[in-house]
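K.L.:
here is my input, please return the structure:
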Amino acid sequence: MNLFQKYGGADFWSDFLNVFYTRIVASELLARHFVDKDIDHIKSMLIGLLEVTLVTEGHYPEDDLKKGHTSMAITSAEFNEWIEIYTGALRDSDISPEDSASILNLINSYRQCIVSKP
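P.N.:
Residues are numbered from 1 along each chain as shown. From the prediction side, this is the model:
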């Protein structure tokens, strides 16, 4: 069974993203990226991304990620904070340590596409 369905499909991951984004917008380091942004739209896009990557174990097109994040000027420290919050949300959502490690490895593989400032 794939990781998307293993934990309950779109409903589970939607709840996960609700927890995650509540924490992200509360982060002093990251909140600036979400001012005047449609968080519900972002979450909808991420549900699709999670489904693509967790069902098929596919890899999201790096050019698209880079294009979407370049103007955000995301720093390495911000990415690290994002990973820390994501890790906590995975743990608090009862994702197994092994599955969490797989998901975090996938996310970290996109670091060069998302971070544009040291």
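K.L.:
show the end-to-end separation of stretch 103-117, please.
P.N.:
Its start and end residues considered, stretch 103-117 measures 24 Å (Cα to Cα, to the nearest Å).
K.L.:
please enumerate residues in contact with that stretch?
P.N.:
Applying Cβ atoms under 8 Å, 6 or more residues apart in numbering, the contact partners of stretch 103-117 are 3, 53-54, 59-60, 62, 65-66, 69-70, 72-76, 78-79, 83, 86-87, 90, 95. Quick note: C-beta positions are derived from backbone N, CA and C, even for glycine.
K.L.:
these, buried ones only, as a PyMOL selection?
P.N.:
One line in PyMOL is enough to select the buried ones among those; burial here means 16 or more other Cβ atoms under 10 Å:
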select buried, resi 3+53+54+69+74+78+79+86+87+90+95
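K.L.:
so which of the contacts of stretch 103-117 are in helices?
P.N.:
Counted as lying in helices by DSSP state H, out of those, are 3, 53-54, 62, 65-66, 69, 76, 78-79, 83, 86-87, 90.
K.L.:
so where does the closest residue to Leu46 other than its chain neighbours fall, helix or strand?
P.N.:
Closest residue to Leu46 apart from its sequence neighbours, by Cβ to Cβ, 6 or more residues apart in numbering: Leu17 at 5.8 Å. In the assignment (DSSP states H and E), Leu17 maps to helix 9-26.
K.L.:
what packs against that helix?
P.N.:
Using 3 or more Cβ pairs under 8 Å, 6 or more residues apart in numbering; DSSP states H and E, the elements in contact with helix 9-26 are helix 39-56, helix 76-92.
K.L.:
show residues contacting that helix.
P.N.:
Here helix 9-26 makes contact (Cβ under 8 Å, 6+ apart) with 4, 7, 30-31, 34, 39, 42-43, 46-47, 50-51, 82, 85-86, 88-90, 92-93.
K.L.:
may I see the buried residues of that helix?
P.N.:
For helix 9-26, a neighbour-count test (16+ other Cβ under 10 Å) marks Gly9, Phe12, Trp13, Phe16, Leu17, Phe20, Tyr21, Arg23, Ile24 as buried.
K.L.:
tabulate those in TSV, adding columns for pLDDT and distance to Leu104.
P.N.:
Shown next, in TSV, are the buried residues of helix 9-26 (pLDDT from 0 to 100; distance: Cβ to Cβ, whole Å):
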residue	pLDDT	distance to Leu104
Gly9	95	21
Phe12	97	18
Trp13	96	15
Phe16	97	14
Leu17	96	16
Phe20	97	13
Tyr21	95	17
Arg23	97	16
Ile24	96	16
